[in-house]
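Q: Quick one, fold the following:
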Amino acid sequence: MNSTDALARLAAHGLPGASTVPLAVDSLDDLVALAEQRRALSWVSQAVAAGMVANATPAFEKELTARHLGAVQTTMAAHAAAVRLITRLAAVGLADVRVLKGCATGHLDYPRAIDRFSTDVDVLIPACDLDQLASAFEPGAIPEPRRRRWQERYGKSTTVVDEHRVEIDLHMTISNGYFGLAVPVDALRREPVRFEIAGTSMLALDGPNRLLHAANHVGGSGHYNLNSARDVLQLALVSGIAWEEAVERAERWKVDALFALGVRRAWEDLAVEPHPLAEWAARHGTAGRQRIAMRMVGDRPRGHLLTAPLALPIWKWPGYVGPILFPSRAYLAENDKTWTTRMKSLLAELRFW
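A: Modelled structure (predicted):
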């Protein structure tokens, strides 16, 4: 079996409906490299230990173990960064944050937190001004925004690299463009679930919202890895999450097209038997503003910027569009651009779709 097909089966190891029939891989070296690239070393290691790779050799198992250990160390560094982050945000009055993605799902939805590979920390922060947010970090750590008010109202996230070189994504919304602004953040934050890392208490989204975010991340990403796809199946098949409630919220908030796309991609990437959620996603059709938004994004690197007005009343459009067309000089300088080069790149996005 080629490495891609083998990885689809091995990365699903332990999920209900995953195959338990051993397989032989054409190239063991390629399998290890691909598992590392697609961030699936944990599940491949467990599958190999369970005898799922019939032609495994001692040299292959040794190399796989070494790379898996490196992935575990990276994950633990990300979890340590989450502890530091929660502490420093609380110190400046930003205590009511929600930990997202790997750090949260690892501790809440997997048998062992280290099974879910993570390289960074994602948190959903409460509404605040950039000065308050910046006060939690070293001077200059927060990137220059297009315009301050624009970032506070419409930005998806701000990325910071901490003193240990771990990337931290400070989210205002959970998706780009229309699909981020359409989701009411207050509703997303309700009824959080508590967990701990090294004795530090943290809050995560509730189960249906974790599933919605996981699927929307897969659906909205031009490039995602198998750890993200596995989150969707882990939440739906193992954690006992009320997936019907996630569907209802996605439909109510009018982001069900992206949610369905993420679910379809996750089931396509991992070899697992069908499930009612996957069947719903396969039947789902896209219409209205969501269809327009998805067509506008297409393969455009910044297509999501064009879609946000679909989630806004017309009277807010000038406040959204203005800073995109005319960002601050500091923003342009930090991104090695001028107004001329910025306008050229935007015009390139405005081709017919």
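
Q: what helices or strands is the longest helix along the chain leaning on?
A: If you go by DSSP state H, the chain has its longest helix at helix 58-91. Other helices and strands packing on helix 58-91, by 3 or more CB pairs under 8 Å, 6 or more residues apart in numbering; DSSP states H and E, are helix 28-37, helix 41-49, helix 101-109, strand 121-124, strand 193-197, strand 200-204. For the C-beta atoms, the positions are set from N, CA and C on the backbone; glycine is no exception.

Q: For residue 147, which of the ones you listed is the nearest?
A: strand 121-124 (21.8 Å; CB to CB).

Q: Name the residues that touch that closest one?
A: 78, 81-82, 85-86, 89, 97-103, 157, 166-172, 174, 185, 188-189, 205 (CB atoms under 8 Å, 6 or more residues apart in numbering).

Q: Report the mean confidence score over it.
A: Strand 121-124 carries an average pLDDT of 96.

Q: Only C-alpha atoms, please: export the helix or strand just after that strand in CSV.
A: Counting by DSSP states H and E, the next helix or strand C-terminal to strand 121-124 is helix 130-134. What follows is helix 130-134, C-alpha atoms only, in CSV (Å, rounded to 0.1, in the frame of the first residue of the first chain):
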residue,chain,number,x,y,z
LEU,A,130,-4.9,46.7,21.8
ASP,A,131,-3.1,48.7,24.5
GLN,A,132,-4.5,46.3,27.2
LEU,A,133,-3.5,43.3,25.1
ALA,A,134,0.0,44.7,24.4
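
Q: So for the next helix or strand after helix 130-134, mean pLDDT?
A: As assigned by DSSP H and E, the chain's next helix or strand after helix 130-134 is helix 148-154. For helix 148-154, the mean per-residue pLDDT is 88.

Q: Tell me the buried residues in helix 148-154?
A: Neighbour counts over helix 148-154 (16 or more other CB atoms under 10 Å) mark 150-151, 153-154 as buried.

Q: Can you lay out those residues as CSV showing distance to residue 124?
A: As requested, the buried residues of helix 148-154 are exported to CSV (distance: CB to CB, whole Å):
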residue, distance to residue 124
150, 19
151, 15
153, 15
154, 15
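
Q: so where's the stretch 251-353 of the chain shaky on pLDDT?
A: 299-301, 338-353 (pLDDT under 70).

Q: before we move on, what about the stretch 101-250 of the chain?
A: Using pLDDT under 70, nothing in the stretch 101-250 of the chain is flagged.

Q: Just the buried subset of the contacts of strand 121-124, written out for PyMOL, thanks.
A: Selection of buried members from those for PyMOL, criterion 16+ other CB under 10 Å:
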select buried, resi 78+81+82+85+86+89+97+98+99+100+101+102+103+157+166+168+169+170+171+172+174+185+188+189+205
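
Q: returning to what we had before: which one of the buried residues of helix 148-154 is nearest to residue 114?
A: residue 151 (33.9 Å).

Q: how about stretch 10-30: buried residues?
A: 10-15, 18-19, 25, 28.

Q: which residues of the stretch 251-353 of the chain fall in helices?
A: Using DSSP state H, counting those that start in this stretch, the helices of the stretch 251-353 of the chain run over residues 256-269, 276-283, 288-297, 304-307, 317-325, 329-334, 339-349.
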